[in-house]
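Undergrad: model this:
(2 chains)
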Amino acid sequence: MSFTRRDGLAWLLLAACAVFPMLFIQCGIPDEADAQDATTAVAAEKTTFPRSENAVAETVVTETAADASLADDGAAVLPSTAENVSPADDGASVLPSTAETNTVQSPGTAGTEPPSASPLLRFLFLFGGIATGLSGILLLRQKQPLLGPDGVFLLLSAVLSVLLIIPDLLWQQGYEIRAFDNAFWLPGNAIVRSVSLLPLLSFAGLVCLRELTGWVFAGCSLRWCAAARIAAGRKTQRGRLAALLGCAAVCLFACLYAGLSALLILDGFAAPLFPALCFAFSTVSLALTLLCLLQYGRDLAHFEAQLAAFLNGGAVTVREGAFAGAETRLAQIRTRHDEAVRTAVADERFKVDLITNVSHDLRTPLTSILGYAELLQREPLTPDGRAQLDGLSRKAGYMRELVESLFELTKVESGVIEARRDELDLIRLLEQTVGLFDDRLNETGLVIRRRYAADRAPIRSDGAMLHRVFANLIGNAVKYALPGTRIYLDVRPEMPDGTETRTAPAYYLVRVVNTASYEMDFTPAEVLQRFARGDKARATKGSGLGLAIAQTYTEAVGGQFSVTVDGDQFYAAVRLPGPV
Amino acid sequence: MAETYRILVADDDRSIVNIIETALRQAGYTVLTAFDGEQAVRLASRETLHLIIMDVMMPHCSGLLATVRIRETNNVPILMLSAKAEGYDRVLGLEAGADDYLVKPFYQQELLARVKALLRRYDTLGSIRETAADELLTVGAVSLDLSGKQLIAHGEEKPLTATEFKILQLLMSHPDRVFSAEEIYDRVWDSAAYAVENTVMVHISRIRGKLELNPKKPEYLKVVWGIGYVFHTP
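TA: Presented below is the predicted three-dimensional model:
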């Protein structure tokens, strides 16, 4: 198991949590020391403390006294001293039933017995510390957020409210610590309470720390925020849980505060100003935060819905909320995109119409030319006339082929024709194509040598297009090959790196190789251009579009086409994707 | 036979009408001419015709519309001519009521062959029906006489070799089904397979020569590249 940063932090926290309570047990509270330094020497009135058997309360109460007495020593064990002092040896008196405001002055120098630790309490605090530490570690080890950074704010507000308000209300007392000639006023229990409620504080602190570090480690993503989870998880348990927890927290604290302040008022608690303000502030801020979160969550959900609609091609609506700006821009992108698509489609249609009309316009006069030429063939002519007619017929026929080829080529290049994907056997297709050239091969004395690396070559492609490609290539080879030589037809199953393979090839490489009957003084790029003829004198028949058509069709089926010239050897290679 | 046939040629391009007229006259047919759809419809209703050759792109009334109107009252065979060669143009023409479709520019030989075939089909339809129906395997304008082992293509009887007959019987019994060369060889030849593709291909080309109006552009016996061969229902 690898040791991550998370683990390191977890161990650190564990150590801190184990030690923390011990420290507090052994050492004094720094704040208290500061407070007492600041105060002027005033006779300390003994505070009256609650009648409850609550050990914590007693602890809280008595530790103040103990601290006061031990102030000079600068060290106190809070919980342990509490026990000893609580038997009211130091004059702890009756708890006032009315809400009198007693002021705890700065601790006097009255000597007291040094506090002795109570084993039970010490154990409790140690246990509490370790428990919170462990829970912190467990939480840290989790990958999923519990609250998220915004939830942390909620939690802290809640905890602080608890710390500041509830003990006050519980004990129906307000305690003040006055310093600097009453210029510094603070509810005395605050500091005390913060220590006594150490487990709660540790837990809250650890959860906050865990959430915050988790968020940082997760790249500070929005996903960790409660709002995002509420938005995304409206239909899932997590989202509902998050929303539910938030509402529950607010309601709980609101009720708690309302109830306790009612008690206070009934009891005649005179100046609940500070607690009331804190209460109001906490509740309102909690409620507001939650409302904002929910609303934000709703806006986020709407935005994500618009994104999904955009991807699916639907309409984008704009909602007044946190994401109004982004949604407006999205709607604009959609509009522009639709316009662009419309323009492209219109362009395509225009192109297709153009191609069709042009070819149609060319074909009509061509029909007449060819027609008259054919009729003339049957008329009596002088030998010269016949020769001229032959020339006319030939050129008219050539023009016809040219028009057809050009039309076809333009259609394929403009993407009007879509390549099919049928299952076929490449070897079989080659054999069928070669079969067409049987007669011509016999006439010219050329031989086709097959070098197939496999018996079968199953692929998914367009049979008609592939037929044209290979018919053109083999036709070229037959036309331009030196009589008496061999034309090689290679089929090679290949891997992506070009090595031959027996099984599951990524590509099939088909090559037509022939020995040229003339000197090839052109580059491959030159010969692939439209109307480029290898035979620059243009003495032989051919439209010069054969290779261009072969290349276009090859690319239309997703293959690669290349031509290589090596001395008198002409290589035409077609690389087709294998069956995937 | 050919002397009494009256053929109407309708095209807005006068030189094409001229060419076709000359070619048909030389073949022995009587020719009437029209230069737009309206004229064609009028002549069709007034005169006795055995065949109409109609161009698609014509003013006043397109060839398609004229065909539809003529078809309301007349069953005369119509051969459509057009420079538009797209698949849908062909379908449109045939749906409008044409019996055949020829693309410009065309070879006159092919035009004459189609004219003859159309005339034969409608003229000698009766004689074809005389043969017992279950002995005849018919797909489109091609019939295979199973008892007489003969091919009747576009009204004409053509002799077949035994192998050619067997191949045609196999393919025509399952029209539109693609057979690979191996499958055809297995069912037709008795000997062991050797150079299957080539052998089958040669026979197919020979059959095509007998069966098709234009062997270079087969309508029935087609190659499915990379898979095999099929007898296509038009």
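
Undergrad: Please identify which helix or strand holds residue A:372.
TA: Assigned by DSSP states H and E, residue A:372 falls within helix A:324-377.

Undergrad: same for that helix, what does it pack against?
TA: helix A:273-312, helix A:383-413, helix B:14-27, helix B:108-123 (3 or more C-beta pairs under 8 Å, 6 or more residues apart in numbering or on different chains; DSSP states H and E). Any C-beta I mention is one placed from the backbone N, CA and C, and that applies to glycine too.

Undergrad: 7 Å instead, please
TA: helix A:273-312, helix A:383-413, helix B:14-27 (3 or more C-beta pairs under 7 Å, 6 or more residues apart in numbering or on different chains; DSSP states H and E).

Undergrad: Could you check the angle the second one makes with helix A:324-377?
TA: Comparing the axes of helix A:383-413 and helix A:324-377 via axes from the mean of the first three to the mean of the last three C-alpha atoms, to 10 degrees yields an angle of 160 degrees.

Undergrad: and the next helix or strand after helix A:383-413, does that touch chain B?
TA: Later in the chain than helix A:383-413, the nearest helix or strand by DSSP H and E is strand A:422-425. Yes - residues of strand A:422-425 contacting chain B under C-beta under 7 Å from any C-beta of the partner chain: A:424, A:425.

Undergrad: Please name the strands paired to strand A:422-425 in the sheet, noting orientation.
TA: strand A:458-461 (antiparallel) (DSSP bridges).

Undergrad: So for the strand it pairs with, what gets flagged as buried?
TA: By 16 or more other C-beta atoms under 10 Å in any protein chain shown, the buried positions in strand A:458-461 come out as A:459, A:460, A:461.

Undergrad: need the residues of chain A near chain B, please.
TA: Residues of chain A lying near chain B (C-beta under 7 Å from any C-beta): A:360, A:363-364, A:366-368, A:370-372, A:374-375, A:378, A:400, A:424-426, A:428-429, A:431-432, A:435, A:463-464, A:466-467.

Undergrad: re the thing from before, the helix holding residue A:372 versus helix B:14-27: what angle between them?
TA: 40 degrees.

Undergrad: what ranges do the strands span in chain B?
TA: B:6-10, B:30-34, B:51-55, B:78-82, B:100-103, B:136-139, B:142-145, B:150-153, B:156-159, B:221-224, B:228-231 (DSSP state E).

Undergrad: just checking, what packs against the third one?
TA: I take that to be strand B:51-55. Right, strand B:51-55 is packed against strand B:6-10, helix B:63-73, strand B:78-82, helix B:108-123 by 3+ C-beta pairs under 7 Å, 6+ apart.

Undergrad: what's that strand in contact with?
TA: Residues from elsewhere that reach strand B:51-55 (C-beta atoms under 7 Å, 6 or more residues apart in numbering or on different chains): B:5, B:7-12, B:20, B:40, B:44, B:63, B:66-67, B:76-82, B:115, B:118-119.

Undergrad: 6 Å instead, please
TA: The contact list for strand B:51-55, computed with C-beta atoms under 6 Å, 6 or more residues apart in numbering or on different chains, reads B:7-11, B:63, B:76-81, B:118-119.

Undergrad: Check the first one too.
TA: Counting contacts by C-beta under 6 Å, 6+ apart, the residues outside strand B:6-10 that touch it are B:17, B:20-21, B:24, B:29-34, B:40, B:43, B:49-54.

Undergrad: 7 Å instead?
TA: By C-beta under 7 Å, 6+ apart, strand B:6-10 touches B:17, B:20-21, B:24, B:29-34, B:40, B:43-44, B:47-55, B:58.

Undergrad: Can I have the buried ones of those residues as a ChimeraX selection?
TA: Per 16+ other C-beta under 10 Å, the buried members of the contacts of strand B:6-10 correspond to this ChimeraX selection:
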select /B:17,20,21,24,29,31,32,33,34,40,43,44,49,50,51,52,53,54,55,58
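
Undergrad: Show me how the chain divides into domains.
TA: Since no chain was named, I'll use chain A. The record assigns chain A these domain ranges, following automatic domain parsing: A:5-224, A:323-417, A:422-577.

Undergrad: The intended chain is chain B.
TA: According to automatic domain parsing, the domains of chain B span B:2-123, B:131-231.
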